[in-house]
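Colleague: With the input below, show me the fold.
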Amino acid sequence: MINSLVAYKGKAARIAGQNTHKFELEFADGSTRKVREKDFRFIHSEFTKVNDSCAQADIAILDDFQEETLTLQEITEWLFDEYTAQSAWCTCVLVEDGLYFYWQKDKIYVRPTEQVASIQAKRDAEALEAQTLAHCVDNIANNVFDKQDLAYIQDIEKVALNQSKHAKILTHIGVENTPEAAYKLLLRLKYFEQTFNPYPARHGIPNDVDIDTEMAEVERIDLTHLNSYAIDNADSNDADDAFSVDGDKIWIHIADVSSIVAPGSELDLYAQERASNLYLPDQILHMLPTSITQLCALGLSETSPALSIGFVLSGKEMQGIEVVHSTIKVTNISYDDADKILESNEDLAKIQTLVALHRQYREGNGSMSLNLPRVDVRFKEGQIKISDQARSPSRELV
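Modeller: Next comes the predicted model:
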């Protein structure tokens with residue numbers, strides 16, 4: 001085997017010497033290495049300097065041998081008409097490539113056409129991916145992206161929204177796979193608007209969904225003769241509670257959602273998943289579909305359906321409690337406007353007096369009123385606005 005051509009880890013080598021257990025291989029650059037016989041593959045008995053520049057072989061000539069094994073010499077003679085060191089090395093290169101052949105010990109297995117097609121398709125896909133990846137990397141370096149980059153950009157978006165822990169493109173360009181780093185990159189690329197809020201998506205909070213709804217037919221008491229007031233923030237349009245005065249009786253009215261949302265219904269399960277409205281500076285994520293607001297919010301229509309609780313407040317306790325489905329007529333008032341008319345409006349003045357007496361009774365029996373600071377955080381016209389939520393008589397009343 002001395003002076004034979006062999007292959008060692010994809011490199012051509014000459015067997016320069018041999019001892020009891022190992023062979024000395026000499027490579028084209030003059031370096032040598034002692035290895036065991038099982039570590040190299042015999043190519044040709046006569047060594048000559050070879051190269052990987054091989055003539056195009058007509059693989060179809062071996063179609064009759066698909067799924068069979070042949071020797072290196074047999075395949076070489078079929079493909080190149082002669083078995084020389086160079087032609088044998090070219091066959092070795094083809095086998096190592098793995099598209100048409102693979103080694104089965106000292107013989108070569110000829111792959112069937114279907115297998116070749118599958119491998120080639122995979123290689124083509126990998127080549128295309130490498131090309132599109134390089135295209136995206138170049139674009140990101142220039143702070144732009146195009147349609148061809150969308151798959152990679154969407155992978156970055158998943159990381160930014162905490163829906164994935166890894167994006168291949170981020171690793172490739174040396175950006176940390178964290179929501180914060182991905183978010184900053186997408187801002188830089190102008191994929192996200194500067195005002196985009198990622199936190200709902202990061203916490204798995206879904207966007208609002210519309211579900212067809214209708215109000216159930218229930219018998220209602222007509223309380224539209226009473227002045228009912230819903231006091232809330234000036235920018236609120238979904239009042240869910242109101243009150244009115246009927247002689248000595250106080251009525252508390254609550255938006256009658258129960259007449260739409262039946263226990264165990266699709267709407268009920270939808271609401272259970274969300275638990276409550278989520279009020280963010282830039283948006284509201286609703287517990288129930290927004291279409292329900294139009295049906296249930298107090299004061300949006302001339303009359304509103306409500307669940308009403310009536311009682312007489314006698315200082316120490318509530319008496320004559322009754323709970324009814326009702327129809328009411330609501331006036332929506334902001335806290336600021338309510339403060340201005342508390343003394344002059346007969347209904348508001350009366351209920352304020354009754355509530356004050358009841359508060360005195362409760363405080364005399366050990367109740368506490370915690371005056372904790374509150375703030376309003378709003379995002380309007382691209383600006384964050386933080387303001388103190390001052391305590392006021394109307395807020396105390398509500």
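Colleague: pLDDT on stretch 190-203, on average?
Modeller: Taken as a whole, stretch 190-203 carries a mean pLDDT of 93.
Colleague: how long is it end to end?
Modeller: 23 Å (Cα to Cα, to the nearest Å).
Colleague: Distance from the chain centre to it, please.
Modeller: Averaging C-alpha coordinates over stretch 190-203 and over its chain gives two centres that are 11 Å apart (Cα atoms, centre = their mean, to the nearest Å).
Colleague: Show me the helices in the chain, by range?
Modeller: Secondary structure of the chain, counting by DSSP state H: helices at 72-80, 85-97, 113-141, 150-160, 168-173, 179-188, 199-202, 266-274, 290-296, 335-341, 346-364, 393-397.
Colleague: And for the second one, what's in contact with it?
Modeller: Outside of helix 85-97, the residues within contact range by Cβ atoms under 8 Å, 6 or more residues apart in numbering are 5, 7, 10, 12, 41, 43-44, 46-48, 50-52, 54-55, 57, 72-73, 75-76, 79-80, 100-103, 108. For glycine as for every other residue, the C-beta is placed from the backbone atoms N, C-alpha and C.
Colleague: my guess is D268 contacts S258, does it?
Modeller: No. Counting by Cβ atoms under 8 Å, no contact exists between D268 and S258, whose distance comes to 9.8 Å.
Colleague: residues touching the residue lying closest to N197 once chain neighbours are set aside, list them.
Modeller: Taking Cβ to Cβ, 6 or more residues apart in numbering as the measure, N197 lies nearest to D282, with 5.4 Å between them; neighbours along the chain are not counted. Counting by Cβ under 8 Å, 6+ apart, D282 touches T195, N197, F379.
Colleague: Then V6?
Modeller: A12, A13, R14, I15, L25, F40, R41, F42, I43.
Colleague: And for F243?
Modeller: Here F243 is in contact with S228, Y229, I250, W251, I252, H253, I351 (Cβ under 8 Å, 6+ apart).
Colleague: any idea how far N207 is from it?
Modeller: According to Cβ to Cβ, to the nearest Å, F243 stands 33 Å off from N207.
Colleague: Same check on E302?
Modeller: Using Cβ to Cβ, which is the criterion applied here, E302 is 31 Å from N207.
Colleague: is the residue nearest to A16 when sequence neighbours are not counted in a bridge, and if so with what?
Modeller: In space, A16 comes closest to E26 once its chain neighbours are excluded; the distance is 4.2 Å by Cβ to Cβ, 6+ apart. Taking DSSP bridges as the rule, E26 bridges to R14, T32.
Colleague: Verify the stated contact: E26 with R14.
Modeller: Yes. Here E26 reaches R14: they are 4.8 Å apart, a contact under Cβ under 8 Å.
Colleague: What are the structural domain limits within this structure?
Modeller: Segmentation of the chain into domains, based on automatic domain parsing, reads 1-49, 115-202, 221-397.
Colleague: Pipe the ones you listed into JSON lines and attach distance to D212 per row.
Modeller: Written out in JSON lines, the entries for these read as follows (distance: least, Cβ to Cβ, whole Å):
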{"stretch": "domain 1-49", "distance to D212": "66"}
{"stretch": "domain 115-202", "distance to D212": "24"}
{"stretch": "domain 221-397", "distance to D212": "8"}
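Colleague: Determine which of these approaches I211 most closely.
Modeller: With distances scored as Cβ to Cβ, the stretch of the domains of the chain nearest to I211 is domain 221-397 (4.8 Å).
Colleague: avg pLDDT for that closest one?
Modeller: Averaging the model's pLDDT scores along domain 221-397 yields 84.
Colleague: and the end-to-end length of it?
Modeller: Terminal residues of domain 221-397 lie 26 Å apart, using Cα to Cα.
Colleague: Identify the residues contacting the closest residue in space to L25 that isn't next to it in sequence.
Modeller: Spatial nearest neighbour of L25, excluding adjacent residues (Cβ to Cβ, 6+ apart): A13 at 4.1 Å. Residues in contact with A13, defined by Cβ under 8 Å, 6+ apart, are L5, V6, A7, L25, E26, F27, R33, F40.
Colleague: on that earlier part again, rebuild the helices of the chain as TSV, extending it with distance to I211 and mean neighbour count.
Modeller: Compiled in TSV, these are given as follows (distance: least, Cβ to Cβ, whole Å; neighbours: other Cβ atoms under 10 Å):
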stretch	distance to I211	mean neighbour count
helix 72-80	67	20
helix 85-97	58	20
helix 113-141	39	13
helix 150-160	27	20
helix 168-173	37	16
helix 179-188	30	18
helix 199-202	19	15
helix 266-274	6	14
helix 290-296	7	18
helix 335-341	32	16
helix 346-364	37	14
helix 393-397	34	16
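Colleague: Surely E214 touches I260?
Modeller: Yes. In this structure, E214 sits in contact with I260. The criterion is Cβ under 8 Å, and the distance is 7.2 Å.
Colleague: Pull up the overlap in contacts between these two.
Modeller: Common neighbours of E214 and I260 (criterion: Cβ under 8 Å, 6+ apart): L295.
Colleague: quick one, which of the two is more surrounded?
Modeller: I260 (21 against 9; other Cβ atoms under 10 Å).
Colleague: residues touching the more buried one, list them.
Modeller: Shown here is I260, whose contacts under the criterion Cβ under 8 Å, 6+ apart are T213, E214, M215, A216, L267, I292, L295, C296.
Colleague: Quick check: the fourth one touching S259?
Modeller: If I follow you right, that is A216. Yes. Checked against Cβ under 8 Å, the pair A216 and S259 is within contact range at 4.6 Å.
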